[in-house]
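Asks: the following comprises the amino acid sequence and a computationally predicted model.
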Amino acid sequence: MNFDKNFRVIIIDDYTTMLRILRNLLRQIGIENVEDATNGTDALGKLRTLPFNLIISDWNMQPMTGLDLLREVRADEKLKATPFIMVTAESKTDNVIAAKKAGVSNYIVKPFNAETLRAKIESVLAVKAA
């Protein structure tokens with residue numbers, strides 16, 4: 001899958017090193033139009049201002065967790081259809097179930113590489129296109 005220059009992604013993580021890693025992985029798979037946020041509250045403000053094709057968010061953040069952000073996005077009429085990938089260091093079954101119930105599009109457990117990220121993005125976009 002090739003991404004055009006208008007394909008816009010927002011990445012959210014309170015750890016700036018992870019934002020840099022995510023940005024580099026996205027660049028490796030051809031996604032250059034990337035905005036970032038360091039918490040869910042900041043991300044929600046950007047999401048309500050600019051159109052995004054994809055949200056990639058960390059789970060563990062303060063003051064708004066990735067799960068809280070996901071719930072806010074799914075409750076917002078303008079944002080609810082946006083594909084949402086949750087990134088976490090924990091693969092606890094309870095977390096996966098909670099994210100699925102809240103409407104997550106897909107889930108990635110750290111660490112991961114560009115190919116894993118590409119596969120997850122392609123799978124959520126294929127579902128949206130269907």
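Replies: Yes, it's here. Numbers count the residues shown, from 1 in each chain.
Asks: surely T82 touches L54?
Replies: Yes - when contacts are counted by Cβ atoms under 8 Å, T82 is listed as touching L54 (7.1 Å). From N, CA and C alone the C-beta is placed, and that goes for glycine too.
Asks: which of the two has more neighbours?
Replies: Taking other Cβ atoms under 10 Å, T82 and L54 do not tie; L54 has more neighbours (22 against 19).
Asks: show me the contact partners of the worst-scoring helix or strand of the chain on mean pLDDT.
Replies: Every helix and strand of the chain was ranked by mean pLDDT, DSSP states H and E. The lowest is helix 93-102, at a mean of 90. For helix 93-102, contacts defined as Cβ atoms under 8 Å, 6 or more residues apart in numbering pick out W59, L67, L70, R71, R74, M86, T88, Y107.
Asks: most surrounded residue in these?
Replies: M86 (25 neighbours).
Asks: for it, which residues make a bridge with it?
Replies: S57, Y107 (DSSP bridges).
Asks: that one against S57, yeah?
Replies: Yes - in this structure, M86 sits in contact with S57. The criterion is Cβ under 8 Å, and the distance is 6.1 Å.
Asks: any common contacting residues for those two?
Replies: G66, L70.
Asks: name the residues of the least confident helix or strand of the chain that are buried.
Replies: N95, V96, A98, A99, A102 (16 or more other Cβ atoms under 10 Å).
Asks: could the residues you listed be laid out in TSV, adding distance to S123?
Replies: Output for these, formatted as TSV (distance: Cβ to Cβ, whole Å):
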residue	distance to S123
N95	19
V96	15
A98	20
A99	15
A102	18
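Asks: nearest to G30, of those residues?
Replies: A99 (26.4 Å; Cβ to Cβ).
Asks: give me the residue at the spatial middle of this protein.
Replies: I56 (1.2 Å; Cα atoms, centre = their mean).
Asks: roughly how far apart are it and A119?
Replies: 14 Å (Cβ to Cβ, to the nearest Å).
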